[in-house]
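Peer 1: the following block contains a protein sequence and its predicted model.
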Amino acid sequence: MRHARLLPVVATAACAAIVTTGLAVPASADRVPAADFTSEVVVYDADTGRQVTIDLRTATTTGTLADRRWSAGWDHVVPVDYTQYAAGNPATLVYNSTTGRYAVVDHYDDGSTVTLAQGQWSRGWDVITTIPANSQEPGRVDEVMLVDSETGRVVVLETFGLDGGAGFRTVADQSSTAPVGTDTVLASEAFFRAPGDDVFREAALVFYDSRTGERSLGFVSSSYANTLVSVVVEDTLPAWSAGWDVVSRVEVDGTAGDEVLFYNARTGRSILADLLDATYRYRVISQRPWSAGWDVTVVEADGSLGSEVLLYNPETGRQVTVDLKRDGSTGTYADRQWSRGWDSLVAIETEFFAD
């Protein structure tokens, strides 16, 4: 396990830019503007630093928006709603757990990018997740949670500023909070007043250890004036099966994210289920075997405002786009060959930006 030693700090001008001079993108028919209501996918190779932005133009066709070089070594690439003027997740937070370096990169619909923030955090964070902005507080953006799986230390960061002076400030830093062994944190909006005091619970957290299946329920709470933020783990939840590599909310047939997809990359087992509450209680819709070895990314590929699943095998390069149905069936939109070895695939939504 990796260790965290130092407090995160805000961005400093001394840090080098994330994007270096990279591969030229051919001026060809393959370079296309982003299609409305479909996702773009940021793919990244941590060994070489190569980063490609792919536009899912329709369910069956793609176009390359950009093919460039980033710094090598980013082992966390996380979508984040960083700015107040964008909907969806148009930015990516990248972090190198060996060096502690981080950056936030904004993506535009022509494939160009701009670095919004960069700086130095502690080394060795194992889990980085976003806490969704509260829908009852206009102008709020996602917060970021860092978890050290070995020590249980949890840090919650909020964003400030934009270009130039942008960065993160620490709003909570607690030792021995997350259950030791946590390798997945699932955050859901859960805005309500705690009984008997002036504290609001902004998000519900489910901490999951994929090695044992153990789960715990926690909350991110703040005072009415946002002067106090804390993370509290309150209950042990019924255990899940061990080994789930993917636990992701999905929208099947336009149901607004009321389903959850489980997938075990070693066995190929998958479950599609109705999501019943913020503790991730669920009711199984279907169970079926998939091939083992997929990296799974939830995307919007056909403009229907429901979810499709992009499956990618880094060993073979095979990429399949699958449509999920309420009756448990799936439809294959695309089955194609990509380059092998991509480490990270993240769905973003650049089309919400105005030119």
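Peer 2: Noted; the coordinates are in hand.

Peer 1: which elements pack onto the one helix or strand Tyr102 maps to?
Peer 2: According to DSSP states H and E, Tyr102 maps onto strand 101-107. Counting by 3 or more CB pairs under 8 Å, 6 or more residues apart in numbering; DSSP states H and E, the packing neighbours recorded for strand 101-107 are strand 91-95, strand 113-120. Glycine gets a C-beta too; all of them are placed from N, C-alpha and C.

Peer 1: just say which of those strands is most tucked in.
Peer 2: Mean neighbours per residue, mean count of other CB atoms under 10 Å, is largest over the helices and strands packed on strand 101-107 for strand 91-95, with a mean of 25.

Peer 1: now the angle between strand 113-120 and that strand, please.
Peer 2: Here strand 91-95 runs at an angle of 30 degrees relative to strand 113-120 (axes from the mean of the first three to the mean of the last three CA atoms, to 10 degrees).

Peer 1: could you dump strand 91-95 to PDB, C-alpha only?
Peer 2: Provided in PDB are the C-alpha atoms of strand 91-95 (Å, rounded to 0.1, in the frame of the first residue of the first chain):
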ATOM      1  CA  ALA A  91     -12.800  18.500 -17.100                       C
ATOM      2  CA  THR A  92     -10.400  15.800 -16.000                       C
ATOM      3  CA  LEU A  93      -8.500  15.700 -12.800                       C
ATOM      4  CA  VAL A  94      -5.200  13.900 -13.200                       C
ATOM      5  CA  TYR A  95      -2.900  12.800 -10.300                       C
END
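
Peer 1: quick one on the thing from earlier: Val185: which of the helices and strands packed on strand 101-107 is closest?
Peer 2: strand 91-95 (14.6 Å; CB to CB).

Peer 1: and Leu186, that's in a strand?
Peer 2: Yes. Under DSSP: H, G, I helix; E, B strand; the rest coil, Leu186 falls within a strand.

Peer 1: doesn't Asp277 make contact with it?
Peer 2: No. If you go by CB atoms under 8 Å, Leu186 and Asp277 don't touch, sitting 12.0 Å apart.

Peer 1: these two: which is more packed in?
Peer 2: Leu186 (18 against 10; other CB atoms under 10 Å).

Peer 1: need the contact list for that one.
Peer 2: Thr129, Leu205, Val206, Tyr208, Val247, Tyr280 (CB atoms under 8 Å, 6 or more residues apart in numbering).

Peer 1: any idea how far it is from Gly293?
Peer 2: For Leu186, the distance to Gly293 (CB to CB, to the nearest Å) stands at 23 Å.

Peer 1: in strands, which of the contacts of Leu186 appear?
Peer 2: Among the contacts of Leu186, DSSP state E puts Thr129, Leu205, Val206, Tyr208, Val247 in strands.
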